[in-house]
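**Q** coords below, sequence missing:
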């Protein structure tokens, strides 16, 4: 198990959290399994940006993002150099500090249509 610190987020995790994450599972899966409601509108299929997280510590321990993830991240709100899609970033043995951005772009939830 690897420690993941989740910084406070007004809706998803108001007090912040420290969880024991399972290696080999995504950040998104680990947060959800520990009661932290990270949005994931595409059901973790790398088709949206709702699970966007900013990895404040431990970023370099993650496998590099693939091109599909990089393309989607360009559309994420509040993109930073250490941004990842939570559904694609797999937890390894290095502890992480993760921030859930203040906003998320969720076309389905916001009532937008194609």
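**A** Sure, I can see it. This one's a predicted model, so the numbers in the text were calculated from it and none came from an experiment.
**Q** Now do stretch 50-64, average pLDDT.
**A** The average pLDDT within stretch 50-64 is 97.
**Q** any residues touching it, and which ones?
**A** 5, 7, 27-28, 38-42, 44, 73, 76-80, 82-87, 89-90, 92-101, 104-106, 109 (CB atoms under 8 Å, 6 or more residues apart in numbering). Using the backbone N, CA and C atoms, a C-beta is placed for each residue, glycine as well.
**Q** next one: stretch 70-89
**A** Contacts for stretch 70-89 (CB under 8 Å, 6+ apart): 26-29, 31, 38, 40, 42, 44-49, 51-56, 59, 62-63, 65-66, 69, 98, 101-105.
**Q** Now do the strands in this protein.
**A** For the chain, the strands defined by DSSP state E cover 2-6, 17-21, 52-57, 83-85, 96-99.
**Q** Packed most tightly, which of those strands would that be?
**A** Comparing those by mean neighbour count (mean count of other CB atoms under 10 Å), strand 83-85 ranks first with a mean of 26.
**Q** in its sheet, what does it sit against?
**A** Using DSSP bridges, the strands paired with strand 83-85 are strand 52-57 (antiparallel).
**Q** quick one: buried residues of stretch 5-14?
**A** For stretch 5-14, the neighbour count (16 or more other CB atoms under 10 Å) marks 5-6, 9, 13 as buried.
**Q** in this protein, which spans are helices?
**A** If DSSP state H is used as the criterion, the helices of the chain fall at 27-33, 67-73.
**Q** As a markdown table, the ones you listed with distance to residue 19, mean neighbour count and mean pLDDT would be great.
**A** Converted to a markdown table, these look like this (distance: least, CB to CB, whole Å; neighbours: other CB atoms under 10 Å; pLDDT from 0 to 100):
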| stretch | distance to residue 19 | mean neighbour count | mean pLDDT |
| --- | --- | --- | --- |
| helix 27-33 | 7 | 21 | 97 |
| helix 67-73 | 23 | 14 | 96 |
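**Q** Appreciated, that's everything.
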